[in-house]
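Q: Compute the structure for the input listed below.
(6 chains)
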Number of protein chains: 4
Amino acid sequence: MSPAEIIQRRRRKEARPQELLDAALSLFVEKGFAATRAEEVAALAGVSKGTLYLYFPSKEELLKAVISHFLVARITEGAELAQRFEGPRAQLLRGMLIDWWTDLYESPASGVFKLVITEVRNFPEIAEHYAREVIEPAHQMIGGIITQGIARGEFRQVDVSTAVHSLVLPLVMMCLHRHSLGACPQDWHLDPRAFIEQHVHLVLDGLCAAQGASPSPTASPTNP
Amino acid sequence: MSPAEIIQRRRRKEARPQELLDAALSLFVEKGFAATRAEEVAALAGVSKGTLYLYFPSKEELLKAVISHFLVARITEGAELAQRFEGPRAQLLRGMLIDWWTDLYESPASGVFKLVITEVRNFPEIAEHYAREVIEPAHQMIGGIITQGIARGEFRQVDVSTAVHSLVLPLVMMCLHRHSLGACPQDWHLDPRAFIEQHVHLVLDGLCAAQGASPSPTASPTNP
Amino acid sequence: MSPAEIIQRRRRKEARPQELLDAALSLFVEKGFAATRAEEVAALAGVSKGTLYLYFPSKEELLKAVISHFLVARITEGAELAQRFEGPRAQLLRGMLIDWWTDLYESPASGVFKLVITEVRNFPEIAEHYAREVIEPAHQMIGGIITQGIARGEFRQVDVSTAVHSLVLPLVMMCLHRHSLGACPQDWHLDPRAFIEQHVHLVLDGLCAAQGASPSPTASPTNP
Amino acid sequence: MSPAEIIQRRRRKEARPQELLDAALSLFVEKGFAATRAEEVAALAGVSKGTLYLYFPSKEELLKAVISHFLVARITEGAELAQRFEGPRAQLLRGMLIDWWTDLYESPASGVFKLVITEVRNFPEIAEHYAREVIEPAHQMIGGIITQGIARGEFRQVDVSTAVHSLVLPLVMMCLHRHSLGACPQDWHLDPRAFIEQHVHLVLDGLCAAQGASPSPTASPTNP
DNA sequence: CATGAATGAGACTTCATTCAT
DNA sequence: AATGAATGAAGTCTCATTCAT
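A: Residues are numbered from 1 along each chain as shown, chains lettered A, B, ... in the order given. Next comes the predicted model:
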């Protein structure tokens, strides 16, 4: 047996879980967990049905592994990036939300949002994990930047949590859209990067505006 | 059979499709289409398995009927409401997005967003219908108000489509959240109405601000 | 719909569980539980795979039902028979073990012994049920007769439990044999009724013999 | 590789088949052939799945080897023992059935009875082999002793074949019991050696009794 | 010789749908 | 119109067996 062959074999064996996770992510996001057959996942990963079960004890465990796997690394990476930047908070926010998020949007990992939305109620263990490992740190990261901006006088004294959601939720929606309507042929394909940029600027305008120019919040046409 | 019973029976018979649609919406949103059994829908509607098939030719047609049914009426109702209001566009926007949307958020119809996100890729006919009957008119309605506001000098000259998305996508996300993580016990239950109000104000601040005070959009920490 | 058809349909539905139990007993005894496919059972009962699962929640539950079902009625029936008989205990024993047991031997119920022997260790719940519902009452019944016989002076003062086993175990073995080697073509088909009669007489001879004529139990050729 | 290691390895290699047979006997008897996985057998023998197939071409052949292997040596050994003994036939019988059988009962080989009962109908080749190599010689051996005893005037003129069965079948049942109900925790653990002794004495009492004291065989309570 | 990764036929079980009542 | 027993295609998972190392 040649060393090359050993390496070849060993590399395949070690690469299997990742290949299966990639295949599973792709199919679960496209068709949903229940509508994806285990054999399809195996086939997309280039192995047989049985091999899938050598690496994951059940389809459900595969789902949990997929959800655990793809976002965590990106989140910590983003948090480190934020830590290192010293300039104005508005500029940092723009960097995080535009560059870092655009990367995420374009990677398969963006499908995890759809997967979580779709499957949490069927697999409640997912909720806790996702809240702790993804939402919590991401919220801390963005919220921390805004809090710093307020402290430095860059931003108005807004409700931090709301501001985080206003900034981030449209971006999450973009990810969901990418893997639902956005994947349908007749879609009007809006440019994600352009939208992200403009959205971030629009909300930052709201954050930075020195004088709260908006009218009183209580008046409304249907509730006079 | 007394006349009262005849009326009772006739009324039930006429109400059947609605009861089945309600039951189907509830279960499809909670568990997903594929993971919901036809018999469960029938049971929740208080009829037997066979009866479901008297009113809908298949589970898939039931899904399509659910998606068609719940949002259309609300959209046209909202559009009429908007048409009648004469005051400032900012005030109208607030009214639409706060009162009208909060109603929607709290009704079971809000689950349709999750259903569409989840199922479009498996049933492409849904995409076309949803785009034409829901997204299009809703976007027209909000976009029209913003365009009027710009024309009247109330709003800055922003990209209308982006502004619509920035306003609406977080609200859609709230609906998705309500039927996914928000339905899990360990969730941190943020107050939807409060968030909606603050979000709309924040973005309107960005829209109304006379001078674009935000820094140059090209500088970013990771893309110097 | 004709009344006859209703009855026909209703009768079939009510008869299903029994038909399935009969089929399952036959196949489980012949091939063993693990080697019998659920679909075979259904086919032998004249229904489809799915129908089996309308009546039994799993193959394992079907096994338990089979074991519970077939012996209990016979045991109580035998106990009643014994209760009613007034004559000599030796004659009663002969009646029970020859007539009643020959019936059992020739019925499919005799297969349950093989099934229990084979499957108790895989399904421990079976053990308790079988011990309580079958062994216990049957042992009581035979043991009671012998005890009475000793009290009346018909039998020698032997160990009752051993006598019960000496009488009954060969008969159980006959049942096992019938469904194992006895079912193989090359078997030497000994006549079960003849053997049962002679065996019962032989052991009764041991029981009745007025004087213990057998040599001392401690001497043996390999253990001097 | 040191000479010691070579010897060690060679010894292991030669011992493999026996180790695999031991492991297979143990598991097949406990769980049944169909419910035992080949890998379990290998693991219990301390080798890998693949190694099993170096020594036995299939799981089925392993079963046949197990059944062939364990009883034959004991039978011939017993037959030789019987040949050498010169004393009274009753004493010889007691020796054979008590000492020799108790040994067998306590060894793993006793499980073969269960295995045969369980599997003959699925693997008919087993029947012929078992009848020729086990039943036939054992029956000859015990039957021969009884025939000699009758010839010598030690025993009454009974049906030899029945007497053999009456003596032996309870002992076989004891072996079956040991590996089925007897292995369940809630069992009433009767003492096998005590039972065997008493049973042999009881039946020998029937054999030796000078006068057939038992009542006429035709009268029975249910068949008057 | 020995290993254990890989395969794929096959078993159990579910569930959308039909149809006799 | 309503029911629910019956069906059988299809999906998940197991495991005997092979073969490259």
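Q: Flag the shaky bits of chain A, pLDDT-wise.
A: The model of chain A has pLDDT under 70 over residues A:1-12, A:187-189, A:209-224.
Q: Get me the contact residues on it for DNA strand E.
A: A:12-13, A:16, A:47-51, A:53-54 (CB under 7 Å from any atom of the strand). The C-beta positions use only the backbone N, C-alpha and C, and glycine is treated the same way.
Q: mind listing what A:P137 touches?
A: Under the criterion of CB atoms under 8 Å, 6 or more residues apart in numbering or on different chains, the neighbours of A:P137 are A:75-76, A:79.
Q: who wins for most neighbours among those residues?
A: Neighbour counts for the contacts of A:P137 (other CB atoms under 10 Å in any protein chain shown) peak at A:I75, which has 18 neighbours.
Q: Which of the helices or strands spans that residue?
A: A:I75 is part of helix A:59-84, with elements assigned from DSSP states H and E.
Q: what's near enough to touch A:I145?
A: Neighbour list for A:I145: A:82, A:89, A:92-93, A:96 [criterion: CB under 8 Å, 6+ apart].
Q: export the helix or strand harbouring it as PDB, just CAs?
A: According to DSSP H and E, A:I145 maps onto helix A:136-151. Output in PDB follows, covering the C-alpha atoms of helix A:136-151 (Å, rounded to 0.1, in the frame of the first residue of the first chain):
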ATOM      1  CA  GLU A 136     -27.000  35.800  22.300                       C
ATOM      2  CA  PRO A 137     -23.400  36.500  21.100                       C
ATOM      3  CA  ALA A 138     -24.500  38.200  17.900                       C
ATOM      4  CA  HIS A 139     -26.800  40.400  19.800                       C
ATOM      5  CA  GLN A 140     -24.100  41.200  22.300                       C
ATOM      6  CA  MET A 141     -21.700  42.100  19.600                       C
ATOM      7  CA  ILE A 142     -24.000  44.500  17.700                       C
ATOM      8  CA  GLY A 143     -25.600  45.800  20.900                       C
ATOM      9  CA  GLY A 144     -22.200  46.500  22.400                       C
ATOM     10  CA  ILE A 145     -21.100  48.600  19.400                       C
ATOM     11  CA  ILE A 146     -24.300  50.700  19.600                       C
ATOM     12  CA  THR A 147     -23.900  51.100  23.400                       C
ATOM     13  CA  GLN A 148     -20.300  52.300  22.800                       C
ATOM     14  CA  GLY A 149     -21.500  54.700  20.100                       C
ATOM     15  CA  ILE A 150     -24.100  56.200  22.400                       C
ATOM     16  CA  ALA A 151     -21.500  56.600  25.200                       C
END
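Q: Please check the residues of chain A next to DNA strand E and keep the buried ones.
A: A:16, A:47 (16 or more other CB atoms under 10 Å in any protein chain shown).
Q: Reformat the residues of chain A next to DNA strand E into JSON lines and put distance to chain D and secondary structure next to each item.
A: Conversion of these to JSON lines gives the following (distance: CB to the nearest CB, whole Å; DSSP: H, G, I helix; E, B strand; the rest coil):
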{"residue": "A:R12", "distance to chain D": "19", "secondary structure": "helix"}
{"residue": "A:K13", "distance to chain D": "16", "secondary structure": "helix"}
{"residue": "A:R16", "distance to chain D": "19", "secondary structure": "helix"}
{"residue": "A:V47", "distance to chain D": "19", "secondary structure": "coil"}
{"residue": "A:S48", "distance to chain D": "18", "secondary structure": "coil"}
{"residue": "A:K49", "distance to chain D": "18", "secondary structure": "helix"}
{"residue": "A:G50", "distance to chain D": "14", "secondary structure": "helix"}
{"residue": "A:T51", "distance to chain D": "16", "secondary structure": "helix"}
{"residue": "A:Y53", "distance to chain D": "14", "secondary structure": "helix"}
{"residue": "A:L54", "distance to chain D": "13", "secondary structure": "helix"}
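Q: For A:E14, grab the count of nearby residues.
A: 9.
Q: Okay, and it sits in which element?
A: When secondary structure is defined by DSSP H and E, A:E14 falls within helix A:3-31.
Q: what element comes up after that helix heading to the C-terminus?
A: The C-terminal neighbour of helix A:3-31 among helices and strands, as given by DSSP H and E, is helix A:38-44.
Q: Would you point out which residue is most central in chain A?
A: Residue closest to the mean C-alpha point of chain A, counted by CA atoms, centre = their mean, is A:S110 at 4.7 Å.
Q: what separates whichever residue of chain A sits closest to chain C from C:F70, distance-wise?
A: Relative to chain C, the nearest point of chain A is A:S58 (18.1 Å; CB to the nearest CB). Taking CB to CB, to the nearest Å as the measure, A:S58 and C:F70 are separated by 37 Å.
Q: what do you get for A:K59?
A: Distance of A:K59 to C:F70, computed by CB to CB: 39 Å.
Q: Settle it for me: which of these two has more neighbours?
A: Taking other CB under 10 Å, A:K59 and C:F70 do not tie; C:F70 has more neighbours (21 against 17).
Q: isn't that one right next to C:K114, touching?
A: No: using CB atoms under 8 Å, C:F70 makes no contact with C:K114, being 11.8 Å away.
Q: and which of the residues of chain A next to DNA strand E is nearest C:N122?
A: Distance to C:N122, by CB to CB, is smallest for A:Y53 among the residues of chain A next to DNA strand E, at 22.9 Å.
Q: pretty sure A:V168 contacts A:A138?
A: Yes: taking CB under 8 Å as the contact criterion, A:V168 and A:A138 are neighbours in contact, 7.4 Å apart.
Q: Helix or strand next in line after the helix holding A:I75, which one?
A: For helix A:59-84, the succeeding helix or strand toward the C-terminus, using DSSP H and E, is helix A:89-94.
Q: anything in that following helix sitting right up against chain B?
A: Yes: on the criterion CB under 8 Å from any CB of the partner chain, helix A:89-94 is in touch with chain B at A:90-92, A:94.
Q: ok, and the most crowded of those residues?
A: Of all the residues of helix A:89-94 next to chain B, the highest neighbour tally under other CB under 10 Å goes to A:R94, namely 26 neighbours.
Q: pretty sure it contacts A:L204?
A: Yes: using CB under 8 Å, A:R94 is in contact with A:L204, at 7.1 Å.
Q: how many neighbours does the nearest residue to A:E154 once chain neighbours are set aside have?
A: With sequence-adjacent residues excluded and distances taken as CB to CB, 6 or more residues apart in numbering or on different chains, A:E154 is closest to A:R89, at 5.2 Å. Residue neighbour count, defined by other CB under 10 Å, stands at 21 for A:R89.
Q: One more: the one 4 residues further on?
A: Number of residues near A:L93 (other CB under 10 Å) recorded here: 25.
Q: I figured it hits A:L204, correct?
A: Yes: A:L93 is in contact with A:L204 according to CB under 8 Å; the separation is 6.8 Å.
Q: got the buried residues for stretch A:151-159?
A: Here stretch A:151-159 shows A:154-156, A:158-159 as buried, counting by 16+ other CB under 10 Å.
Q: swap that for stretch A:182-202, sorry
A: A:182, A:187, A:192, A:195-202.
Q: Over to stretch A:58-71?
A: Buried residues in stretch A:58-71, counting neighbours by 16+ other CB under 10 Å, are found at A:59, A:62-71.
Q: In a markdown table: those, plus distance to D:G32.
A: Putting the buried residues of stretch A:58-71 into a markdown table (distance: CB to CB, whole Å) gives the following:
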| residue | distance to D:G32 |
| --- | --- |
| A:K59 | 29 |
| A:L62 | 32 |
| A:L63 | 35 |
| A:K64 | 34 |
| A:A65 | 35 |
| A:V66 | 38 |
| A:I67 | 40 |
| A:S68 | 39 |
| A:H69 | 40 |
| A:F70 | 44 |
| A:L71 | 47 |
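Q: Give me the residues contacting stretch A:191-205.
A: Outside stretch A:191-205, the residues within contact range by CB under 8 Å, 6+ apart are A:90, A:93-94, A:97-98, A:101-102, A:105-106, A:163, A:166-167, A:170-171, A:174, A:178, B:158-159, B:162-163, B:165-166, B:202-203, B:205-207, B:209, B:212-214, B:217.
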